[in-house]
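Chemist: coords please:
(2 chains)
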Amino acid sequence: MQIQGAQILLECLQKEKVKVIFGYPGGSVLDVYNALHESDITHILVRHEQGAVHAADGYARTTGDVGVCLVTSGPGATNTVTGIATAYMDSIPLVVLTGQVPTMLIGNDAFQEADIVGITRPCTKHNYLVRSLQELPRVIKEAFYIARSGRPGPVLVDLPKNIVNQTKEFAFPESISIKGYKPTYKGNRRQISRAVDEILKSKRPVIYAGGGVVLANASTELHKFAKKLQIPVTMTLMGLGCFPGTDELSLGMLGMHGTYRANMAVTNCDLLIAIGARFDDRVTGDLNTFASSAKIIHMDIDPTSISKNIKVDIPIVGDAKEILKDVLQTIGTKRTKKQQVKPWLDTIAQWKAKHSLAYQMKDVIKPQFVIEKLYECTKGNCIISTEVGQNQMWTAQYFRFDKPRKLLTSGGLGTMGYGFPAAIGAQVAAPKQTVIDIAGDGSIQMNIQELATAVQYNLPVKIAILNNHCLGMVRQWQQLFYDKCYSHSTFEAHPDFVKLAEAYGAAGLRATTPDDVERVIKKALAIKKPVIMEFIVEPEECVYPMVPSGKSISDMILL
Amino acid sequence: MRHTISLLTDNKPGVLARIAGLFSGRGFNIASLSVNETLDPTVSQMTIVTYVSNAEDPIIEQITKQLNKLIDVIKVIDFESGHYNYIDRELALIKVTVDEHKRSEVLNIADIFRGKIVDVSRNHYTVEVTGDEDKINAIVDLFRPIGIKEIVRTGKATLPRERPRCADKQ
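Modeler: Okay, the predicted model is just below:
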């Protein structure tokens, strides 16, 4: 039977088990939207295409499945770029379907034409311009395969209008073969046994776990490994939750705003075991002093991450879960001496006693206090998304994540405006969970329009705005490194966030004193619709500890 | 120093743009480039020459890894990695300004380099010459004082030799 290209597209999506699409219609994708009307696939109509990509991203981070979004050509497509770049930096599997002008108009500066394949080439794992209806099913199958396999990432598929409105027989390919793409999952046996020898010899080991552990669903294996050998674990922002934050072996986050004990442990260790992490500059600080007396084992699925910033002694290319399984199996037959690391754990306990995460309570609300109260009131049993800046760092420091896929944050690109649409995506993926976006007064305004989406689909996302009436992190850097010259970092006009929430049909609550905080949170959690909680917080508060950019991570500014 | 990288890629639109983007995104210049179809029409071969400060530069490792990471790239051979002995050739067309006193000198030089005169006019000889980069540089140096009006050079064509390096035998 001959069916339309748009229907073929949707058939392909169903074969790939797509349940939800986040999107925004327009001229070039009208045929797809027409077919979508009759389809079983749920469509969430966002209010801005950037929101669609972040929502698909939040959905993907929550479920581990590929997030899908659908937008029109030209501005619809270009509006997705920030979202795509965000997902690319954090290795999130997405398939972004963009409309395109008919093939015969491509290159003619047609209405709503943009070379989105050219524009997104450096920020997608791969992208396609579909040139015939014949190749559409293969392209869609490859797009999903590439997005979710190996080191995951966003894949864009550009769909010219004349291709989706032609008709043809539908045939979905059974298998695919991409000559130039064969991800490695199994770690090299010899490298693994070399690594195990080093691990068993080490007296001061540290595990440095990143987002790769979350993406590989390797938390169980990581936990077994760390517990068995009593190796302390520090996590990157992207890794938070891959090892329980409340565990005694957890050192918390490392890096620029890492804990004192994490940064000291990494600086002084004799063996650094990096798992699914990429030695980002916000983690390493000055490369010359980063784990300078340590041997480095690096397990990562992406060979380009290995020895990129720091020369690695034992690289192991493969999937974190597979490698850790093999490591555990190799160790299983050997003798381990737990008492060997006892003095090291004692040293770390002394560093911990410094309580680098502390703040002074005053009669104004401290933002850290809000995060602690959110943790208390939810007992940590919720999905948290963040925006970018101080709100993000305080969340990473004060909210203790015990499980993976509970923190959604733009780690690599640092995209303000990410958190709220991502929370919407997470709420779609997990309707029964509490989802809270921890935001600043600056970043929430970057995608505030999505409140209408949350209201329309009855998604009871909670937004906690830490309102300090300024761009907190910018102001902090200006305070510390630019002689308190607060150039354009304070907001002199703000909407009334409570009224704004109400105007959108959501609920709005405000806390102005520390006593209000718990009451507001509890009340918000009980409301079955989207809620903005506005906390008027101390405007001068800084995120500590802090490592000045380019300094050694042991060189921390403490409170 | 020069660094020669050979690639097998899918033969389809956009592949060269991806590869070029990978170099430009990291601030590297492509010194020369040649692209051609292989016996398999779905596969292209490219030879890229780039400059790095030294052969040990970790950036070369990063470039080859990044090239390998591209979905459209099937195989990457780094000719400077020490595992390959290879043949490389370039072709140059050199338009030399001549007068009656210089014609025989130009012919002589072309002959020594096994070049051919492929176009003749009253005041110009165009010489076609093939060889590795050093050979082309040498003939250019000899023609320069006589007067070169125009020159074009192709990118490198490279093939690994079918026998191991002498050093590997020991």
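Chemist: switch to C-alpha atoms for all contacts and neighbour counts from now on
Modeler: OK.
Chemist: parallel or antiparallel, list what pairs with the longest strand belonging to chain B.
Modeler: If each strand of chain B is counted by residues according to DSSP state E, the longest one is strand B:86-97. Here strand B:86-97 has these sheet partners by DSSP bridges: strand B:124-131 (antiparallel), strand B:148-153 (antiparallel), strand B:157-160 (antiparallel).
Chemist: domain ranges for chain B?
Modeler: Using automatic domain parsing, the domain ranges for chain B come out as B:2-81, B:86-158.
Chemist: just put these in a markdown table and tack on mean neighbour count and mean pLDDT.
Modeler: Formatted as a markdown table, those follow (neighbours: other Cα atoms under 10 Å in any protein chain shown; pLDDT from 0 to 100):
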| stretch | mean neighbour count | mean pLDDT |
| --- | --- | --- |
| domain B:2-81 | 17 | 90 |
| domain B:86-158 | 16 | 95 |
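Chemist: residue A:174 is nearest to which of these?
Modeler: Closest approach to residue A:174 among these is made by domain B:2-81 (20.1 Å; Cα to Cα).
Chemist: for residue A:529, give me its contacts.
Modeler: Applying Cα atoms under 8 Å, 6 or more residues apart in numbering or on different chains to residue A:529 gives the contacts A:455, A:458, A:459, A:460, A:461, A:506, A:507.
Chemist: scratch that, residue A:170 is what I was asking about
Modeler: Contacts of residue A:170 (Cα under 8 Å, 6+ apart): A:1, A:2, A:3, A:8.
Chemist: any idea how far residue A:321 is from it?
Modeler: Separation of residue A:170 from residue A:321 (Cα to Cα, to the nearest Å): 37 Å.
Chemist: look up the closest residue to residue A:395, ignoring the ones flanking it.
Modeler: Computed as Cα to Cα, 6 or more residues apart in numbering or on different chains, the closest residue to residue A:395 that is not its neighbour in sequence is residue A:371, at 6.2 Å.
Chemist: tell me the SS of that neighbour?
Modeler: State at residue A:371, reduced to three classes by DSSP: H, G, I helix; E, B strand; the rest coil: helix.
Chemist: again, but for residue A:245
Modeler: Assigned by three-state DSSP, the conformation of residue A:245 is coil.
Chemist: tell me the pLDDT at it?
Modeler: On the pLDDT scale, residue A:245 is placed at 96.
Chemist: so how far is residue A:544 from it?
Modeler: In this view, residue A:245 and residue A:544 are 19 Å apart by Cα to Cα.
Chemist: helix or strand next in line after the helix or strand that contains residue B:22, which one?
Modeler: Residue B:22 belongs to helix B:15-24 when assigned by DSSP states H and E. As assigned by DSSP H and E, the chain's next helix or strand after helix B:15-24 is strand B:30-37.
Chemist: other residues contacting the helix or strand immediately after that next one in the chain?
Modeler: Downstream of strand B:30-37, the first helix or strand assigned by DSSP H and E is strand B:43-51. By Cα under 8 Å, 6+ apart, the residues outside strand B:43-51 that reach it are B:1-11, B:28-38, B:155-158.
Chemist: output the set of residues of the stretch 251-400 of chain A in proximity to chain B.
Modeler: By the rule Cα under 8 Å from any Cα of the partner chain, the part of the stretch 251-400 of chain A lying against chain B is A:303, A:304, A:308.
Chemist: so which of these belong to strands?
Modeler: Per DSSP E, these never map to strands.
Chemist: need the contact list for the residue nearest to residue A:280 when sequence neighbours are not counted.
Modeler: Counting by Cα to Cα, 6+ apart, residue A:309 is the residue found nearest to residue A:280 once chain neighbours are left out, at 7.9 Å. Going by Cα under 8 Å, 6+ apart, residue A:309 touches A:279, A:280, A:287.
Chemist: residue in chain B nearest to chain A?
Modeler: Closest to chain A within chain B is residue B:74: 3.9 Å, counting by Cα to the nearest Cα.
Chemist: and residue B:63, what is it in contact with?
Modeler: The neighbourhood of residue B:63, defined by Cα under 8 Å, 6+ apart, consists of residue B:23.
Chemist: sorry, wrong one. I was asking about residue B:11.
Modeler: By Cα under 8 Å, 6+ apart, the neighbours of residue B:11 are B:37, B:41, B:42, B:43, B:44.
Chemist: would you list these in JSON lines and tack on distance to residue B:85?
Modeler: Output for those, formatted as JSON lines (distance: Cα to Cα, whole Å):
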{"residue": "B:37", "distance to residue B:85": "23"}
{"residue": "B:41", "distance to residue B:85": "26"}
{"residue": "B:42", "distance to residue B:85": "27"}
{"residue": "B:43", "distance to residue B:85": "23"}
{"residue": "B:44", "distance to residue B:85": "22"}
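Chemist: which helix runs longest in chain A?
Modeler: Across chain A, the longest stretch assigned as helix under DSSP state H is helix A:49-63.
Chemist: so which of the strands paired with strand B:86-97 comes closest to residue A:131?
Modeler: When the strands paired with strand B:86-97 are compared by Cα to Cα, strand B:157-160 sits nearest residue A:131, at 31.3 Å.
Chemist: what does that closest one contact?
Modeler: Contacts of strand B:157-160 with the rest of the structure, by Cα under 8 Å, 6+ apart, involve B:6, B:34, B:47, B:84, B:85, B:86, B:87, B:88, B:89, B:90.
Chemist: next up, the contacts around the closest residue to residue A:172 other than its chain neighbours.
Modeler: Nearest residue to residue A:172, sequence neighbours excluded (Cα to Cα, 6+ apart): residue A:137, at 5.7 Å. Applying Cα under 8 Å, 6+ apart, we find residue A:137 in contact with A:8, A:9, A:12, A:171, A:172, A:173.
Chemist: wait, is residue A:510 part of a helix?
Modeler: No. Assessed with three-state DSSP, residue A:510 is strand; it does not lie in a helix.
Chemist: which residues does the nearest residue to it once chain neighbours are set aside bridge with?
Modeler: Spatial nearest neighbour of residue A:510, excluding adjacent residues (Cα to Cα, 6+ apart): residue A:534 at 4.6 Å. Counting by DSSP bridges, residue A:534 forms beta bridges with residue A:465, residue A:510.
Chemist: quick check: residue A:534 touching residue A:467?
Modeler: Yes. The pair residue A:534 and residue A:467 passes the contact test of Cα atoms under 8 Å, sitting 6.6 Å apart.
Chemist: still on that earlier bit, relative to residue A:64, which of the domains of chain B is closest?
Modeler: Proximity to residue A:64, assessed across the domains of chain B by Cα to Cα, is greatest for domain B:2-81 (22.2 Å).
Chemist: so which bits of the stretch 101-250 of chain A are right by chain B?
Modeler: Within reach of chain B by Cα under 8 Å from any Cα, the stretch 101-250 of chain A has these residues: A:121, A:122, A:126, A:178, A:179, A:180, A:181.
Chemist: just to revisit the earlier point, for the helix or strand following the longest helix of chain A, packing partners?
Modeler: Following helix A:49-63 in sequence order, the next helix or strand is strand A:67-71 (DSSP H and E). Judged by 3 or more Cα pairs under 8 Å, 6 or more residues apart in numbering or on different chains; DSSP states H and E, strand A:67-71 is in contact with strand A:20-24, helix A:49-63, strand A:94-100.
Chemist: for the following helix or strand past the shortest one, name the packing helices and strands.
Modeler: Toward the C-terminal end, the helix or strand that comes next after strand A:20-24 (DSSP H and E) is helix A:30-36. In terms of contacts (3+ Cα pairs under 8 Å, 6+ apart), helix A:30-36 is packed against helix A:5-15, helix A:161-164.
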